[in-house]
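J.: Mind looking at a prediction? Sequence and model below.
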Amino acid sequence: MKHMTRFGLSLAGALLMAAPALAQTKWNLPAAYPTDNFHTENLNAFAKDVADATGGKLQVTVHANASLFKAPEIKRAVQTGQAQVGEVLMSLHENEDPVYGLDVVPFLATSFDQSKKLWDVQRPAIEKKFASQGLMLLFAVPWPPQGIFAKKDINTVEDLKGVKWRSYNPGTARIAELVGAQPVTVQAADLPQALATGVVNTFMTSGATGYDSKVWESLTHFYDTQAWIPKNLTFVNKAAFDALDKPTQEAVLKAARTAEERGWKTAQEKTKWYVDQMTAKGMKIQPPSAELKAGLQKVGEQLTQDWLKKAGPDGQAIIDSYKKAAM
């Protein structure tokens with residue numbers, strides 16, 4: 001009996017000692033885009049890399065298509081600890097701080113090379129802002145360049161007057177105001193229904209969102225204006241990150257660096273693919289006319305001035321650093 005008791009105590013002690021090694025941390029990652037969108041696929045690859053690197057010690061579950069929190073709610077959810085990590089479209093929060101809206105200033109950065117240079121000078125400001133809110137940036141991934149989807153010919157900005165214009169951030173709402181369109185706030189997860197019911201009939205977004213929303217079922221034209229290249233940010237609640245042991249923290253940061261590199265590469269590779277898919281579905285793909293481009297350039301100049309007015313000297317310093325880097 002004593003032998004059995006000693007054995008039982010030894011076994012219990014061994015299990016207690018093993019408990020920390022077997023402990024598993026679970027993180028929820030709300031995201032706003034469909035499961036087969038390349039951003040979500042990149043998040044799932046990030047989650048797998050983290051699980052593999054930590055031997056399953058940290059499990060990240062991606063909740064796609066705004067299934068856990070709506071797009072505008074995700075950042076706040078992570079700040080308050082309702083979720084540990086999240087992904088948002090950066091410009092969604094421009095009203096909170098102008099620094100979030102810099103990458104959607106039209107025609108400021110229109111190529112992936114320019115967009116990367118802009119991100120390099122913008123990143124420290126984002127990291128500083130996040131730190132003040134109990135957040136930590138993990139990585140940023142761009143979308144394909146933005147173009148105009150429509151149900152009719154758009155030859156000049158005057159042709160946009162009165163259209164039901166989908167806005168999804170302050171910048172796109174301001175464009176509607178400047179061209180005389182009717183802005184309707186619709187996030188990506190709700191866009192297919194908005195198109196099907198005629199709530200919107202014109203908007204500016206990437207080929208990726210157009211493809212995800214099956215725009216060819218409702219619209220006919222895509223003008224490849226390449227107006228700007230927005231980015232999604234993936235970030236973590238700082239307290240949740242600090243609660244991890246050092247090796248797990250390093251695994252997360254390494255997986256984040258890999259995700260950023262993979263995401264930028266995929267965005268560039270998929271840009272033409274999305275356009276090809278829409279062409280195959282019968283959409284009319286074309287560059288903007290000279291008149292339309294000139295009109296949009298004027299809109300871009302106004303939005304740049306608007307942004308600088310809101311951002312002040314700090315914003316001007318970022319713009320100056322970008323222009324110097326882009327030379």
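T.: Nice, I can see it.
J.: wait, isn't G101 in contact with W307?
T.: Yes. Checked against Cβ atoms under 8 Å, the pair G101 and W307 is within contact range at 6.4 Å. Glycine gets a C-beta too; all of them are placed from N, C-alpha and C.
J.: Which one's more surrounded, these two?
T.: Summary of the neighbour comparison: G101 and W307, criterion other Cβ atoms under 10 Å, with G101 having more neighbours (26 against 23).
J.: how much space between that one and V141?
T.: Counting by Cβ to Cβ, to the nearest Å, the gap between G101 and V141 amounts to 17 Å.
J.: Please apply the same query to K214.
T.: Applying Cβ to Cβ, the value for K214 to V141 is 23 Å.
J.: The two: which has the busier surroundings?
T.: Neighbour tally, K214 and V141, criterion other Cβ under 10 Å: the higher count belongs to V141, 22 against 15.
J.: what helix or strand does the more buried one sit in?
T.: When elements are assigned from DSSP states H and E, V141 belongs to strand 135-142.
J.: Walk me through which strands that strand pairs with, and which way each runs.
T.: Next to strand 135-142 in the sheet, as set by DSSP bridges, lie strand 231-237 (antiparallel).
J.: Need the contact partners of the partner strand.
T.: 27, 29, 39, 43, 46, 75, 78-79, 81, 83-90, 103, 115, 119, 126, 130, 134-143, 252, 256, 259 (Cβ atoms under 8 Å, 6 or more residues apart in numbering).
J.: now A173, nearest residue through space, not along the chain?
T.: Excluding its sequence neighbours, the residue lying closest to A173 (Cβ to Cβ, 6 or more residues apart in numbering) is S167, at 3.9 Å.
J.: what about the protein, any weak spots by pLDDT?
T.: Screening the chain residue by residue with the criterion pLDDT under 70, one finds the ranges 1-22.
J.: any chance you could map the strands in the stretch 151-300 of the chain?
T.: For the stretch 151-300 of the chain, the strands identified by DSSP state E, counting those that start in this stretch occupy 164-167, 182-185, 202-206, 221-223, 231-237, 284-286, in order along the chain.
J.: To K298, which of the ones you listed lies closest?
T.: Between K298 and these, the shortest separation by Cβ to Cβ is 15.3 Å, and it involves strand 202-206.
J.: That closest one pairs with which strands?
T.: The sheet places strand 202-206 alongside strand 146-150 (antiparallel), strand 164-167 (parallel), with pairing taken from DSSP bridges.
J.: Dump the longest one to CSV, keeping only the CA atoms.
T.: Presented in CSV, the C-alpha positions along strand 146-150 are these (Å, rounded to 0.1, in the frame of the first residue of the first chain):
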residue,chain,number,x,y,z
GLN,A,146,-7.5,50.8,-56.4
GLY,A,147,-9.7,51.3,-59.4
ILE,A,148,-13.3,52.4,-60.1
PHE,A,149,-16.1,49.9,-60.5
ALA,A,150,-19.2,51.2,-62.3
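J.: How far away from the center of its chain is that strand?
T.: For strand 146-150, the gap between its own C-alpha mean and the chain's C-alpha mean amounts to 18 Å (Cα atoms, centre = their mean, to the nearest Å).
J.: List the buried residues for the lengthiest helix in the chain?
T.: When every helix of the chain is counted residue by residue (DSSP state H), the longest turns out to be helix 290-326. Under the neighbour-count criterion of 16 or more other Cβ atoms under 10 Å, helix 290-326 has 292-293, 295-296, 299-300, 303-304, 306-308, 311, 315, 318-319, 321-322 buried.
J.: and what of stretch 203-221?
T.: Neighbour count says stretch 203-221 has 203-213, 215-216, 218-219, 221 buried, by 16+ other Cβ under 10 Å.
J.: returning to that earlier point: give me the buried subset of the contacts of strand 231-237.
T.: 27, 29, 39, 43, 46, 75, 78-79, 83-90, 103, 115, 119, 126, 130, 135-143, 252, 256, 259.
J.: how much space between K48 and E41?
T.: 11 Å.
J.: Looking at the two, which has the bigger crowd around it?
T.: For the pair K48 and E41, the greater number of neighbours falls to E41 (18 against 13), based on other Cβ under 10 Å.
J.: Give the helix, strand or coil label for that one.
T.: When the structure is split into helix, strand and coil by DSSP: H, G, I helix; E, B strand; the rest coil, E41 lands in helix.
J.: Which residues are in contact with it?
T.: Taking Cβ under 8 Å, 6+ apart as the test, what E41 contacts is 35, 266.
J.: Show me what the longest helix of the chain packs onto, helices and strands only.
T.: Helices and strands in packing contact with helix 290-326 are listed as helix 112-132, helix 170-179; criterion 3 or more Cβ pairs under 8 Å, 6 or more residues apart in numbering; DSSP states H and E.
J.: could you dump the shortest one to CSV, C-alpha only?
T.: Read it as helix 170-179. What follows is helix 170-179 as a C-alpha-only set of coordinates in CSV (Å, rounded to 0.1, in the frame of the first residue of the first chain):
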residue,chain,number,x,y,z
PRO,A,170,-13.1,58.8,-44.4
GLY,A,171,-11.0,59.2,-47.6
THR,A,172,-13.6,57.5,-49.9
ALA,A,173,-16.4,59.4,-48.3
ARG,A,174,-14.5,62.7,-49.0
ILE,A,175,-14.0,61.6,-52.6
ALA,A,176,-17.8,61.2,-52.9
GLU,A,177,-18.3,64.7,-51.5
LEU,A,178,-15.8,66.3,-53.9
VAL,A,179,-17.2,64.6,-57.1
